[in-house]
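Novice: Would you be able to build a 3D model of this:
(chains A, B and C)
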Amino acid sequence: MKSRRLGWDALGIAVFVVMVFPVFWMISTAFKPNDQIVSLTPTWLPLHPTLDHFTDAIHRPYFWTDVKNSLIIVCVTVALSIALAFLAAIALARFGFAGRKLFVVLVIGIQMLPQAGLIIPLYVVLARYHQVNTLTGVILTYMTFVLPFSVWTLRGFLLGIPKELEEAAMVDGSTRVGVFLKILLPLMGPGLVATSVFAFITTWNEYIFARILLNDQSKQTVTVWLSYFYGTSRHTDWGALMAASTLTAVPVVVFFLLVQRRIAFGLTQGAVRG
Amino acid sequence: MKRRSIAALLLVTVVAAAVAATTSGATKKANASSITVWLQTDAQSGWADLVASVNQKFQSDHPGTTVNVQYQSWGDHLQKFDATLAGGGGPDVIEMGNTEMTKYMAAGAFADLSSAKGSFDNSANWLKGLAASGVYKNKTYGVPYYAGSRVVTYRSDLFKKAGISKLPTSTAAYAADAQKLMAKSGKKGFSPVYIAGTDWYFAMGFVFDYGGGIAAQISGKWKGLLTTPKSIAGLTAYKNFFATASRASKTTDESHPNPYDVYAQGQAASMIGPSWYTCCVGAKYKGSTSQFVMPGHVAGTSMPGFLGGSDLAVPITSNNKALATDWLKDFTSTSSEKTLQAKGNIPNATNLLGNSINERAASRSWFVPTAKHWVDVENGNILRNMLAQILTGKLSVKQAAQSASDNIASVLNQP
Amino acid sequence: MSEGTSTATAAGTFPLTSRRRRRLWGRVAVPYALIAPVVITIALILGYPLYYLVRLSLQQYGLFELIRHKGIGVGLANYRSVLHDQIFWHTLVRTIVFTAANVVLTMVLGLLVALLLVRVSRPVRLLLSSSLVLVWSMPVVVAVQVWYWMTNFENGVVNYVLTQLHLGSFEQHDWYASTFSQLSMVTLLIVWGALPFVAITLYAALAQVPNDLLEAASVDGAGAWMKFRDITLPILRPILLILTSLSIIWDFGVFTQPYLLIGQSKVTPGNFLMSIYLFEEGYFKSDYGRGAAISLLMLAIVGVLSIVYVRRMVRIGVET
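Specialist: The predicted structure is shown next:
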């Protein structure tokens, strides 16, 4: 048993190395002095690590403001979207109703639209509602992108929960709401978390709509802030860009580390043992 | 009871949406108290203090009006501009690349500044290449902002080691020097002159040096000029020069990789590009780096350099055209242009030209045909593909030029 | 109010008293109330843009018309022009092959990594899942740039490592020389970036597999593969179908990675993908009418491509 576990662990570490290498390259470049960044033979670990790029990045205008904007937009979007999507997913997974097929088509159809084609029409609509250059306009836009796949994904998780469990609880005298709180929600924990993480990352890294909809630098998100590092026609400061990118990845990783235990917890409930 | 709760839910949702829609989160509507200016991030990182001082002067001349500068990226500023043209909320002043202008002028995107032209500083002496990019059907829509040319950045220590005592004054002399440099170094992948194969900004200079051209409009119809004997001579000269001087890829462009990165690794004795390339040659070679003007094929002349640059225009959708024009006057004033010059750019008028390497290179310059569909030629990589075909030998110079010329003519002649 | 049992009167009639009517309506209205917020939000934001897109596709609408907010109605001319365009068809075939390769690789590797996550010890699991999240959280533009660096022919680390491992001489090997090579690089980049989502979602789905069922099967003598096929897979099926359909949709329309990795100067009709074709026709040429037509055609095509999965998904929901 122990040796098999070791075997899996070795494979796990190998996969880890392959997956994380580009990320490692980004982070190590962030610490390298400029001449090591463009050297002919790759420098694996920075020999004389420097924090210059990080201080440069943090001191660029509006860094903290844009981080704050991103956090607001992403947290509101994710919270609202997951809540609304969960309700809709329950309707799809547990109820039969007229127009259900239409709703499914709507949910899937939205995702099939190429986003590039939507830029100008969306801008025109939001301009009409006076939501250009506002955080709410961006939140609403992001919600329309996040809701469909959240509904779709959560429905899938719900379908994996056997109806017998709920029916047994109802027979035992539980109310519908009780079933929801005591059976559905705990079992959906991992699913809700995975979907939230996806929603969080997608909206955190979204660029083009944030760029088009937000004008004032005081309102922009951190991905737009990042674009100032490479949007110039002159030389791009790669060290600073890598440092800035590393900084923007931090909230996502923090968010995941906070919620990942929920997935692991669910796993110990009904885990597959080798 | 359930029906009531559903109704309540629906009502709340609708009200929330309505509230969100009406709380106008300060969409800065253009009104007499502020104008919006779109400049590129180059200004933010290069001369933000100039922008600030111009704004200060403007604001003191127009009390009660503030200037809201929003910095854009080259990659998506036109997408953003298009969206504002469709939905409103656009800028009062916009910086456009000089190759981007014609398409938008032809579509009527800008206000006519012809009547105000005389009031701009040095307008009688605007650089011909730059000013031409802002004119459409004899009306002025764009004000020249600044320009940049191409120069040779080189390692004086390597040149000295190879026994080159005098800088080359003709292309042939430079090619001979390249052979000396190659002999002295001999490292694998080393380029005496690092030029990316499909760098059409540089390669077309040869065509113009020999008196050829890309395309010309004859009685309303565009005709390709790449097949004329002079153009063919120029392209052949480029092919030969590249073969002697550069070990760069024949099919990649001038940002994959960046020439200055290759230079900083010690893999190039010289490179050709904008004068600001000296920023990134690395600490090791900073001291031994200098610049000179690329020589033409006739001894003592310079090769025509591509005059890149930006214009400033007032979108037709602006509600503050008069104020915008005033701001433009302040931003392109003689003192502003002198500041831009000090930062390493070429100012917009001939009477302001100094003697910097950049400006000397601009004495002979060339520019792209001012056609509405020129951007389609660029986006379609027609010239790049032609150069790749010539350098790899896939097609002969004549064949490649023929196909490119026909292609260009058909694209430019679209309605 | 207690949920009373229905009181059927004589001969199966069910008089709808006002109270009963209200309860009936209440029960019926629940699903609509649940989906209402989603429908309203989407309708509010995307309703007009969709109408606008359809209208645009039926007009001649370039930059000139954009500025004047007025297009010229041309009926189906845009669609006809696109469908008669050779480049459209070549691009379509290329994109379908590309999508298939990406989806298969993503799903297979994602499932394998998810199964791996279950079997490793806790510290390695944390390491591996954190690396997945790190990959996932990298901004796409930066990821592309790092990939390009790693694979560039001048001094890329991939060439260096491959040469050091004596797998042949990869010095100055240009990974972007041919269309196949370019799209392979793009595929690797996209699969690498998409793996985390699939792996983590499947890992979460594996949590729903009841442990006791598996233990009972072990006791009965079932091997690992049988347990996977008969117990795990059926439970995972809905999620697998969802992820596959989502992957098809996303990989068909992917834009940023291919456009930035191949580079604007090397993108030609010979290596177009559908989204790049849309971008070039709609945005670069400012032919918004044509761009709208292409968008709607892409919508229809993706719909057709994923219909098999979608139908199966919908049917699963109905069966339970």
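
Novice: For the host helix or strand of A:V76, list every residue counted as buried.
Specialist: Assigned by DSSP states H and E, A:V76 belongs to helix A:63-94. The neighbour-count criterion (16 or more other Cβ atoms under 10 Å in any protein chain shown) identifies A:63, A:65-67, A:69-70, A:73-74, A:76-78, A:80-82, A:84-94 as the buried residues of helix A:63-94. C-beta: built from backbone N, CA, C; applies to glycine.

Novice: And stretch A:9-23, by the same measure?
Specialist: Residues of stretch A:9-23 classed as buried under the neighbour-count rule (16+ other Cβ under 10 Å) are A:9, A:11-12, A:15-16, A:19-23.

Novice: and that stretch, what's its mean pLDDT?
Specialist: In this model, stretch A:9-23 carries a mean pLDDT of 91.

Novice: ok, it near chain C or not?
Specialist: Yes - using Cβ under 8 Å from any Cβ of the partner chain, a contact is recorded between stretch A:9-23 and chain C, made by A:9, A:11-13, A:15-16, A:19-23.

Novice: These in helices, which ones?
Specialist: Secondary structure from DSSP state H places A:9, A:11-13, A:15-16, A:19-23 of those in helices.

Novice: that older thread, and the helix or strand just after the helix holding A:V76 with chain B, contact?
Specialist: The first helix or strand that comes after helix A:63-94 along the chain, using DSSP H and E, is helix A:100-112. No - counting by Cβ under 8 Å from any Cβ, chain B has no neighbours in helix A:100-112; the shortest distance is 15.9 Å.

Novice: Helix A:100-112 to helix A:63-94, inter-axis angle?
Specialist: Taking axes from the mean of the first three to the mean of the last three Cα atoms, to 10 degrees, one finds helix A:100-112 and helix A:63-94 inclined to each other by 150 degrees.

Novice: what residues are up against the residue of the stretch 51-200 of chain C found nearest chain A?
Specialist: In the stretch 51-200 of chain C, no residue comes nearer to chain A than C:S137, which is 3.6 Å away by Cβ to the nearest Cβ. Listed by Cβ atoms under 8 Å, 6 or more residues apart in numbering or on different chains, the contact partners of C:S137 are A:201, A:204-205, A:249, A:252-253, A:256.

Novice: Those residues, buried ones only, as a ChimeraX selection?
Specialist: Applying 16+ other Cβ under 10 Å to those leaves a buried subset, and the ChimeraX line that selects it is:
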select /A:201,204,205,249,252,256
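
Novice: So which of the contacts of C:S137 are in helices?
Specialist: Among the contacts of C:S137, the ones falling in helices (DSSP H) are A:201, A:204-205, A:249, A:252-253, A:256.

Novice: Who's the closest spatial neighbour of the residue of the stretch 51-200 of chain C closest to chain A, skipping the chain neighbours?
Specialist: Spatial nearest neighbour of C:S137, excluding adjacent residues (Cβ to Cβ, 6 or more residues apart in numbering or on different chains): A:V252 at 3.6 Å.

Novice: wait, what's in contact with the one you found?
Specialist: A:V252 sits in contact with A:200-201, A:204, C:133, C:136-137, where contact means Cβ under 8 Å, 6+ apart.

Novice: how about 6 Å then?
Specialist: Neighbouring residues of A:V252 by Cβ atoms under 6 Å, 6 or more residues apart in numbering or on different chains: A:201, A:204, C:137.

Novice: Looking at chain A, which residue is nearest chain B?
Specialist: Per Cβ to the nearest Cβ, the residue of chain A with the smallest distance to chain B is A:G231, at 2.5 Å.

Novice: That residue is in what secondary structure piece?
Specialist: For A:G231, there is no helix or strand it lies in under DSSP H and E.

Novice: Which residue is the nearest non-sequential neighbour of it?
Specialist: Nearest to A:G231 is B:S73, by Cβ to Cβ, 6+ apart, at 2.5 Å.

Novice: neighbours of that neighbour, just the number please.
Specialist: By other Cβ atoms under 10 Å in any protein chain shown, the residues close to B:S73 number 18.

Novice: Likewise for A:T246?
Specialist: Number of residues near A:T246 (other Cβ under 10 Å) recorded here: 22.

Novice: how about it, secondary structure?
Specialist: At A:T246 the chain is in helix, as set by DSSP: H, G, I helix; E, B strand; the rest coil.

Novice: And B:S335, by the same measure?
Specialist: In the three-state summary, B:S335 is assigned as helix, counting by three-state DSSP.

Novice: now the one 3 residues further on
Specialist: Assigned by three-state DSSP, the conformation of B:K338 is helix.

Novice: what stretches of chain A score poorly on pLDDT?
Specialist: Applying pLDDT under 70 to chain A flags the ranges A:1-2, A:40-41, A:261-274.

Novice: Quick check, central residue of it?
Specialist: Closest to where the C-alpha atoms of chain A average out (Cα atoms, centre = their mean) is A:I201, at 1.7 Å.

Novice: which stretch of helix or strand covers residue 153?
Specialist: No chain was given, so I picked chain A. Here A:T153 is assigned to helix A:135-159, by DSSP H and E.

Novice: Let me rephrase: I mean chain B.
Specialist: Following DSSP H and E, the helix or strand that holds B:T153 is strand B:150-155.

Novice: Show me what that strand pairs with in its sheet, parallel or antiparallel.
Specialist: Using DSSP bridges, strand B:150-155 pairs in its sheet with strand B:270-274 (antiparallel), strand B:289-292 (antiparallel).

Novice: quick one on the thing from earlier: for the helix holding A:V76, what is the distance to the chain centroid?
Specialist: 10 Å (Cα atoms, centre = their mean, to the nearest Å).

Novice: hmm, that helix in reach of chain B?
Specialist: No - contact of helix A:63-94 with chain B (Cβ under 6 Å from any Cβ of the partner chain) is absent, the minimum separation being 9.3 Å.
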